[in-house]
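**Q** Need coordinates for the following:
(one chain, ligands or ions: 1)
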Amino acid sequence: MATTKAAKKLTPPQKLKPAARKAAVEGIPAAKARAIAAKEPVSAKVKRGKTAKPLAPERIRAILDALQKTYPNVVCALTHHNAFELTIATILSAQTTDVGVNKATPELFRMYPTPNKLADAPLPELERIIKSTGFYRAKAKNIKGAAKVLVEKFGGKVPETIEELTELPGVARKTANVVLGSWFGIASGVVVDTHVGRLSRRLELTKQDDPVKVEQDLEKVIPQDHWIQFSHELIHHGRQVCIARKPRCVDCSLEKLCNSVDKTWSSH
Ligand code: SF4
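**A** Model prediction:
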């Protein structure tokens, strides 16, 4: 044991991480040096495998080309006719399918077609209409609250910045990116839902689980003018081919570009 402790004390400075090395040189206690080292910048994290490795631009290009070829006309699957409807539909799409949301929204928007009307809607009535989308009590409060903020703060109009949109109840980065990208054509970020997260990990575009960190990794490697389309394409690919439990790798247009390929299962 004494040898181990001595060995730890005698770690040559050149083998320490930069922050720890600086602490050692300055005579800071070992525990504090470790704490400093834990806060090291991204370059240190890359070595520990927490951040995606740099990716060859030609591989990214090939993935984008293959997706574009497979899904040339892909659009947001939530039925909507304006920014208000898309915002509300996207809030309702949390933890459920777009198909489920599309069943509830026709009645919702027929009865409450504007932010003013939705802000005044009785909660029990909203809960009844959107019950099939799940978490309906919280979602009813959120869509009513979002309509109220739209009326009181934004003159009944959906704002066009991520900072303003995320002021609406029930709207986080993902929802804001959907609205900005799909309605306004603003590439504010990559939409990271469960499909985009899973596919990005399988394609080794990220190693992260947290959606915000996945988004940050994707935005480093995907050119900004592809962000909107790339999100739609990955969402469709995740629903139709690279499904969660058993990806249909033999039917996948990305098969040659993917190291997670699994040929033990197919739809045929
Ligand atoms: S090859 Fe398989 S794991 Fe890779 S993206 Fe295609 S379906 Fe998903």
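**Q** what does the chain put close to the ligand?
**A** 199, 202-203, 241-242, 247-249, 252, 254-255, 258, 260-261 (CB under 6 Å from any ligand atom). No exception for glycine: its C-beta is placed from N, CA and C like everyone else's.
**Q** Those residues, buried ones only, as a ChimeraX selection?
**A** Applying 16 or more other CB atoms under 10 Å to the residues of the chain next to the ligand, the buried members can be selected in ChimeraX as follows:
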select :199,202,203,241,242,247,248,249,252,254,258
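**Q** Show me which of the residues of the chain next to the ligand has the smallest pLDDT value.
**A** Checking pLDDT across the residues of the chain next to the ligand, the minimum falls on residue 261 at 88.
**Q** picking up where we left off before, among the residues of the chain next to the ligand, which lie within helices?
**A** Among the residues of the chain next to the ligand, the members found in helices (DSSP state H) are 199, 202.
**Q** Find the nearest non-adjacent residue to residue 62, please.
**A** The shortest distance from residue 62 to any non-neighbouring residue, by CB to CB, 6 or more residues apart in numbering, is to residue 257 (5.5 Å).
**Q** residues in contact with that neighbour?
**A** Listed by CB atoms under 8 Å, 6 or more residues apart in numbering, the contact partners of residue 257 are 59, 62, 63, 66, 203.
**Q** In JSON lines, list those along with secondary structure.
**A** Output for those, formatted as JSON lines (DSSP: H, G, I helix; E, B strand; the rest coil):
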{"residue": "59", "secondary structure": "helix"}
{"residue": "62", "secondary structure": "helix"}
{"residue": "63", "secondary structure": "helix"}
{"residue": "66", "secondary structure": "helix"}
{"residue": "203", "secondary structure": "coil"}
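**Q** The ligand: which of the residues you listed is nearest?
**A** When the contacts of residue 257 are ranked by distance to the ligand (CB to the nearest ligand atom), residue 203 comes first, at 5.9 Å.
**Q** Tell me which residues touch the nearest residue to the closest one once chain neighbours are set aside, please.
**A** The spatially closest residue to residue 203, leaving aside those adjacent along the chain, is residue 258, at 5.7 Å (CB to CB, 6+ apart). By CB under 8 Å, 6+ apart, residue 258 lies in contact with 202, 203, 249, 252.
**Q** Quick check: the two most widely separated of those?
**A** The span of the contacts of residue 258, defined through CB to CB, is set by 203 and 249 at 12.0 Å.
**Q** Got the confidence number for residue 57?
**A** 88.
**Q** Run a quick neighbour tally on it.
**A** 10 (other CB atoms under 10 Å).
**Q** Just the buried subset of the contacts of residue 257, please.
**A** Applying 16+ other CB under 10 Å to the contacts of residue 257 flags 63, 66, 203 as buried.
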